[in-house]
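Trainee: Got a predicted structure here, sequence first:
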Number of protein chains: 2
Amino acid sequence: MLTPERHARILELLQANEVVRLQQFVDATTSSESTIRRDLAQLEEERKLKRVHGGAALLKGKRDEQTVAQKSTKNLQEKRKIAQLAAQSVQPGDCLYLDAGTTTYEMIPFLTVEDLVVVTNGISLVNTLLEQGVQTYLLGGAVKPNTHALIGRGALTSMQSYRFDKAFLGTNGIHLQHGCTTPDPEEAMIKEQAIALAGEAYVLADPSKFHEVSFARFASLEEVRIITCEEKEIDLSSFQQHSKLEVVTS
Amino acid sequence: MLTPERHARILELLQANEVVRLQQFVDATTSSESTIRRDLAQLEEERKLKRVHGGAALLKGKRDEQTVAQKSTKNLQEKRKIAQLAAQSVQPGDCLYLDAGTTTYEMIPFLTVEDLVVVTNGISLVNTLLEQGVQTYLLGGAVKPNTHALIGRGALTSMQSYRFDKAFLGTNGIHLQHGCTTPDPEEAMIKEQAIALAGEAYVLADPSKFHEVSFARFASLEEVRIITCEEKEIDLSSFQQHSKLEVVTS
DNA sequence: CATATTTTGATTGTTTATGATTGTTATTGG
DNA sequence: CCAATAACAATCATAAACAATCAAAATATG
């Protein structure tokens, strides 16, 4: 049986049964225990299921995670490392703003300190935040269909009720002259205001974003801390002069 | 029996019985006392129940609230009929408010007219609304962990930017003297304001809600239209005198 | 066709969940 | 208020489940 077939069969069994033990998967796929374990590990990475001792269970909030889950298979390891580094800046009692996006999403499992309050404009983050037991606030506003981010006037005005210790933002481009940019001007406005309302603003960017420029600018290099992981092709030293830079040594 | 199965069984027993002895859990799950104790400790940590000497009890705030998943399997056919009737009142170009809740959720597939705008405080509704191609706005505010509804000051203030042609609301109790009631005062405030901002307010209630009273009142019978389906045990004529009543003949 | 890479299943220590046992704490009835 | 009793938390041994490792098989590549 081929890997995608097995994965499909596993998810199918889970849809039907909510909780399934390892041996059932073995019987259903005529594969070994080891293979099933590997499959389960992988599917958990992709956030398609939750492993439990003795088998696997369906994720509770499966409904609006799908789009995020698909995206997050790409560069997942890099993103997770960056996310982990970013999460280390968080202190007990902090009030955070988390941008909608896959990198910020990956931060959530690492947000383990006590007494956090998180404000976000990403509907997809809410479920996971609540499962972590984090007190969660959502901005209001128009829902952007493909990303499920909240944007527009409503989002801007409802953000004004909050102040943040730290804001964590994703980006599409980081450039020496043009700063941080993103394709959607609406989202750029939100990011810009989040930076203004935050004591410290962190931009999370994997190496592919450097020297890229997108349409709408939301920050200069000077006003944010950039968190990334190192890559030999990219020379980060030029950025170091303009911005506070934190790099994961992978 | 796997851990999530046990946890589910424990919570299920609690929903049915309000307060349950340790031995009942042991019998129901065929596990040892020690294991149940560990489970209870963990579930209390997750704020799913309250441990008491001799067993466990439901959290007070959650007394008559169930998770969305549990609710939505119950009375589904009835709810769907009510939802369908409610959706018939919707006209092209309308701007609607949809309450968070399972009955309002069931309305979405029937919202097939053109040019709708929907505002809601229910995160769970967003996905399905977008799939229907409806322009969707979400209120801001605190996210209520079990129901994923947006509540609190943030939700109230962000609602003030909108005006609705029609508001559709769920309820837990409908009573001749006490009007419409719901367990959570925070949610009641939201519902109340939605009614104030709407040209017409509709309350969707299956027959089990009649003559019931919950904690927080959000409307009198006079100011809303009630949509329900008929049931022989319940005499709706007394309600007819106080309120506009629409009944599905199932 | 030979070689490199990936996937698989068996084997191995290691970790985890469980149920029994222990001593400790809370409740109850006199 | 105190003793009796029930419920509790803590500890421990064990068995099940686990991750890590490795060699064989399947697959891909030059």
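Mentor: Perfect, thanks for sending it. Numbers count the residues shown, from 1 in each chain, chains lettered A, B, ... in the order given.

Trainee: Next, name the residue at the spatial heart of chain A.
Mentor: For chain A, residue A:105 is the residue whose C-alpha lies nearest the centre (C-alpha atoms, centre = their mean; 2.0 Å).

Trainee: near DNA strand C, anything from the helix or strand in which residue A:8 is found?
Mentor: If you go by DSSP states H and E, residue A:8 is part of helix A:3-17. Yes: Helix A:3-17 reaches DNA strand C (C-beta under 7 Å from any atom of the strand) through A:3, A:6. Glycine gets a C-beta too; all of them are placed from N, C-alpha and C.

Trainee: So which bits of that helix are buried?
Mentor: A:6, A:7, A:9, A:10, A:13, A:14 (16 or more other C-beta atoms under 10 Å in any protein chain shown).

Trainee: Just put those in CSV and tack on pLDDT and distance to residue A:200.
Mentor: CSV is the format used below for those (pLDDT from 0 to 100; distance: C-beta to C-beta, whole Å):
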residue, pLDDT, distance to residue A:200
A:6, 91, 45
A:7, 90, 41
A:9, 88, 47
A:10, 90, 42
A:13, 89, 46
A:14, 87, 41
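
Trainee: Tell me the one of the residues you listed nearest residue A:216?
Mentor: Of all these, residue A:7 has the smallest distance to residue A:216: 37.8 Å, by C-beta to C-beta.

Trainee: Can you give me the separation between that closest one and residue B:211?
Mentor: As for residue A:7, its distance to residue B:211 is 51 Å (criterion: C-beta to C-beta, to the nearest Å).

Trainee: Can you name the residue of chain A nearest chain B?
Mentor: Residue of chain A nearest chain B, by C-beta to the nearest C-beta: residue A:140 (3.1 Å).

Trainee: Dihedrals phi and psi, the closest residue to that residue other than its chain neighbours?
Mentor: Closest residue to residue A:140 apart from its sequence neighbours, by C-beta to C-beta, 6 or more residues apart in numbering or on different chains: residue B:140 at 3.1 Å. Per-residue torsions, residue B:140: phi -90, psi -170 (degrees, to the nearest 10).

Trainee: list the buried ones in stretch A:146-156?
Mentor: For stretch A:146-156, by 16+ other C-beta under 10 Å, it's A:147, A:148, A:149, A:150, A:151, A:152, A:154, A:155, A:156.

Trainee: Which segments of chain A make up each domain?
Mentor: Domain assignment for chain A by automatic domain parsing gives A:3-59, A:68-248.

Trainee: Hmm, residue A:174 is touching residue A:239, no?
Mentor: Yes: counting by C-beta atoms under 8 Å, residue A:239 is a contact partner of residue A:174 at 7.3 Å.

Trainee: Return every residue with contacts to both of the two.
Mentor: Common neighbours of residue A:174 and residue A:239, using C-beta atoms under 8 Å, 6 or more residues apart in numbering or on different chains, are A:210, A:221, A:226.

Trainee: is it true that the first one touches residue A:172?
Mentor: No: if you go by C-beta under 8 Å, residue A:210 and residue A:172 don't touch, sitting 11.3 Å apart.

Trainee: and the helix holding residue A:8, C-alpha only, in CSV?
Mentor: Provided in CSV are the C-alpha atoms of helix A:3-17 (Å, rounded to 0.1, in the frame of the first residue of the first chain):
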residue,chain,number,x,y,z
THR,A,3,2.0,6.2,1.5
PRO,A,4,-0.8,8.5,0.3
GLU,A,5,-3.3,5.6,0.3
ARG,A,6,-2.3,4.8,3.8
HIS,A,7,-2.6,8.4,5.0
ALA,A,8,-6.0,8.6,3.4
ARG,A,9,-7.2,5.4,4.9
ILE,A,10,-5.9,6.6,8.3
LEU,A,11,-7.8,9.9,8.1
GLU,A,12,-10.8,8.1,6.9
LEU,A,13,-10.9,5.7,9.8
LEU,A,14,-10.5,8.7,12.1
GLN,A,15,-13.4,10.5,10.6
ALA,A,16,-15.5,7.5,11.2
ASN,A,17,-14.4,6.7,14.7
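
Trainee: If you count contacts, what does it end up packed against?
Mentor: If contacts are counted by 3 or more C-beta pairs under 8 Å, 6 or more residues apart in numbering or on different chains; DSSP states H and E, helix A:3-17 sits against strand A:19-21, helix A:22-29, helix A:33-45, strand A:55-57.

Trainee: any idea which of those is most buried?
Mentor: Comparing the helices and strands packed on helix A:3-17 by mean neighbour count (mean count of other C-beta atoms under 10 Å in any protein chain shown), strand A:55-57 ranks first with a mean of 24.

Trainee: Next one: that strand, is it in contact with chain B?
Mentor: Yes: using C-beta under 8 Å from any C-beta of the partner chain, strand A:55-57 reaches chain B at A:55, A:57.

Trainee: Please list the outside residues in contact with that strand.
Mentor: Against strand A:55-57 from outside (C-beta under 8 Å, 6+ apart): A:10, A:14, A:18-22, A:24-25, A:40, A:43-44, A:49-51, B:2, B:4.

Trainee: Just say helix, strand or coil for residue A:96.
Mentor: Counting by DSSP: H, G, I helix; E, B strand; the rest coil, the backbone at residue A:96 sits in strand.

Trainee: for the one 4 residues further on, same thing?
Mentor: Per three-state DSSP, the local secondary structure of residue A:100 is coil.

Trainee: Sounds good, over and out.
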